[in-house]
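I'd like to go over a predicted model; first the sequence, then the structure.
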Amino acid sequence: MKYVWYSEINLFWGENTMKKALPALFLCLVLIVGAGLAAGQGGIKKKRPLPPDYGKVVISNYSERAGLSPVVFDHWLHRAKFTCRLCHVDIGFAMKAGGTGIRAADNMRGYYCGTCHNGKRVFDGITVFQSCAKQSSGDAEETCERCHSVGKRVKKEYDFYKVTAKYPRERFGNGIDWQKAEEDGTIKLVDYLDGISIKRPSLAIQKDFALSPKVQGMPDIIFSHKKHTAWNGCEVCHPEIFVGVKRGTTKYSMVEIFEGKYCGVCHSTVAFPLLDCQRCHSKPV
């Protein structure tokens, strides 16, 4: 966990604002530290993952029973190409690791990973490898280990640092400013798959709005529907994460967010982590 010192925050908010906001920032720091300690074992905070490992998911529902290592899924590689909505709505992956219960037979029939990893779909001129096959081939073990790689020394086809070398940076998570990368065209997101997605008219995007924190002196949260719909559409968040579509309908607290609910479903797992207070609390007092 990185502590953000007074001098660093002061550059962002200004001297007068900082004097007013210090009590609130102290409380925020206490919440962050408390959440980190609670997440650790025996009061020991968890080690922050390396940039390529942030958002990494291990899927082990059935692998070990079949004599295979669990599957490693790299979120960074997939989010550099596809929207979250495409995978979690159109294809149907659960938002929680292991919640989908994917079987090899599902992939072979063209569901879940097999939607794209079928040896037929082409992205950027490259045919996506087939994830599961009914008949074994000479290199079957090597093919399986491209996904079933926990505990294996598997050479990655895509190196994180090479792929993201020119991506805009930020301080936390993957160290990548994914929002800016999408905005400036560094990455171009696929949000439609033939035979899977439904063509639908775009909904009107609501304007940005401010959410006032309960702690006096803490900067307002500026929530942007435009930023979120670029990745999630409306369906990822509503109605499963946020029940109502009217502002103020769903009530939640920072404690619940740190527990992985509401905003915390994505932030601290895949989207930028809650350590980056300024990304949300961005309106000066």
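The structure has been received and is ready for your questions. Worth saying up front: this structure is predicted, and the values here are computed from it rather than measured.

please make it C-alpha for all contacts and neighbour counts, starting now.
Noted.

quick one, helices of the chain?
Listed in chain order, the helices of the chain (DSSP state H) span 6-13, 15-39, 75-79, 84-85, 104-108, 140-144, 160-163, 178-183, 225-232, 254-258.

mean pLDDT lowest where, among these?
Mean pLDDT is lowest for helix 6-13 among the helices of the chain, at a mean of 39.

run a quick neighbour tally on the closest residue in space to residue 147 that isn't next to it in sequence.
Spatial nearest neighbour of residue 147, excluding adjacent residues (C-alpha to C-alpha, 6 or more residues apart in numbering): residue 71 at 5.1 Å. Neighbours of residue 71 under the rule other C-alpha atoms under 10 Å: 21.

please apply the same query to residue 81.
For residue 81, using other C-alpha under 10 Å, the count is 15.

tell me the contacts of it?
187, 188, 189, 190 (C-alpha atoms under 8 Å, 6 or more residues apart in numbering).

restricted to buried residues, select those residues in ChimeraX.
In ChimeraX, this line selects whichever of the contacts of residue 81 come out buried by 16 or more other C-alpha atoms under 10 Å:
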select :187,189,190
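
so the residue nearest to residue 147 makes contact with residue 148?
Yes - when contacts are counted by C-alpha atoms under 8 Å, residue 71 is listed as touching residue 148 (4.1 Å).

between the two, what contacts are shared?
With C-alpha under 8 Å, 6+ apart, residue 71 and residue 148 have common neighbours residue 63.

just to revisit the earlier point, tell me the pLDDT at the residue nearest to residue 147?
pLDDT for residue 71: 96.

for residue 247, same thing?
Listed pLDDT for residue 247 reads 83.

what does the pLDDT read for residue 131?
Per-residue confidence (pLDDT) for residue 131: 88.

what sits against the nearest residue to it once chain neighbours are set aside?
Beyond its immediate neighbours in the sequence, the residue positioned closest to residue 131 (C-alpha to C-alpha, 6+ apart) is residue 117, lying 5.2 Å away. Residue 117 is in contact with 107, 128, 129, 130, 131, counting by C-alpha under 8 Å, 6+ apart.

in PyMOL, select just the buried ones from the residues you listed.
Filtering the contacts of residue 117 down to the buried ones (16+ other C-alpha under 10 Å) takes a single PyMOL command:
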select buried, resi 107+129+130+131
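
kind regards, and thank you for your time.
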